[in-house]
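**Student:** attaching a predicted model along with its sequence, questions to come.
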Amino acid sequence: MAGMPKYPPFEARARIKAWCDRQERAQSEVRQKLYTWQLDKETIDSMVAEMILANYVNEERFATTFARGKFRIRQWGWKRIEQELKRKGIAAYAIARAKAENEPEDYQSTLTELLRKKAGTINAKNPYDLRARLARYGISKGYSFEEINTALNGDWQEG
């Protein structure tokens, strides 16, 4: 039957709580998961509200955890992290709180190390070509041109 939910509401509630216990989730992710279970809109809205009130879903906590993980593990820049958080429907205030927890020194040193490693893999014709390729790479990782330029103007090649 196409219209029948995959799980009855009481079971869906228990499953979604367990799903949120395993990892921080955005409200949009929770909604999407409940929609895949073919629950009606009113049930989904009430479950999401219940999850927020019970603190299973917290946008600020999600944004902070997401930003920290993407920066430390994937070494994404703040522009890419912010773009992904917006795509997940995270509010601007939660994004700002996550950004406030960012360590600028750690951020710049991570970018410098990232560019240093990438420079070793590029077969450039000249120093200008190398800089251009590194800049494109840094931008693709979500760093701003100013941050990349600062890193490239420093002593990043030493080491």
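**Tutor:** Perfect, thanks for sending it.

**Student:** can I see the domain layout of the protein?
**Tutor:** 9-53, 59-100, 104-153 (automatic domain parsing).

**Student:** quick one: those domains as CSV, columns for mean neighbour count too.
**Tutor:** Placement of C-beta: from N, CA and C, glycine included. Formatted as CSV, the domains of the chain follow (neighbours: other CB atoms under 10 Å):
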stretch, mean neighbour count
domain 9-53, 15
domain 59-100, 17
domain 104-153, 15
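
**Student:** out of the helices and strands in this structure, which is least certain?
**Tutor:** helix 104-119 (a mean of 90; mean pLDDT, DSSP states H and E).

**Student:** now the helix or strand just after that one, how far from the chain's geometric center?
**Tutor:** The C-terminal neighbour of helix 104-119 among helices and strands, as given by DSSP states H and E, is helix 127-140. Helix 127-140 sits 24 Å away from the centroid of its parent chain (CA atoms, centre = their mean, to the nearest Å).

**Student:** quick check: mean pLDDT of the helix or strand following helix 127-140?
**Tutor:** Sequence-wise, the next helix or strand beyond helix 127-140 is helix 145-153, with elements assigned using DSSP H and E. Averaging pLDDT along helix 145-153 gives 93.

**Student:** what lies in contact with helix 145-153?
**Tutor:** 77, 107-108, 111-112, 115, 131, 134-135, 138-139 (CB atoms under 8 Å, 6 or more residues apart in numbering).

**Student:** for those, which one is nearest Q83?
**Tutor:** Nearest to Q83 among these is G77, at 9.9 Å by CB to CB.

**Student:** thought the closest one was touching L111?
**Tutor:** Yes. Between G77 and L111 there is a contact under CB atoms under 8 Å: 7.0 Å.

**Student:** overlap in contacts of the two?
**Tutor:** In contact with both G77 and L111: 138, 143, 147, using CB under 8 Å, 6+ apart.

**Student:** quick one: low-confidence parts of the protein?
**Tutor:** Per-residue confidence for the chain (pLDDT under 70) gives these ranges: 1-3, 155-159.

**Student:** can we see that at 50?
**Tutor:** 1, 158-159 (pLDDT under 50).

**Student:** ok, back up a step: can you give the contact residues for the least confident helix or strand of the chain?
**Tutor:** With CB under 8 Å, 6+ apart, helix 104-119 has contacts from 71, 75, 77-78, 130, 134, 137-138, 141, 143, 147-148, 150-152, 154, 156-157, 159.
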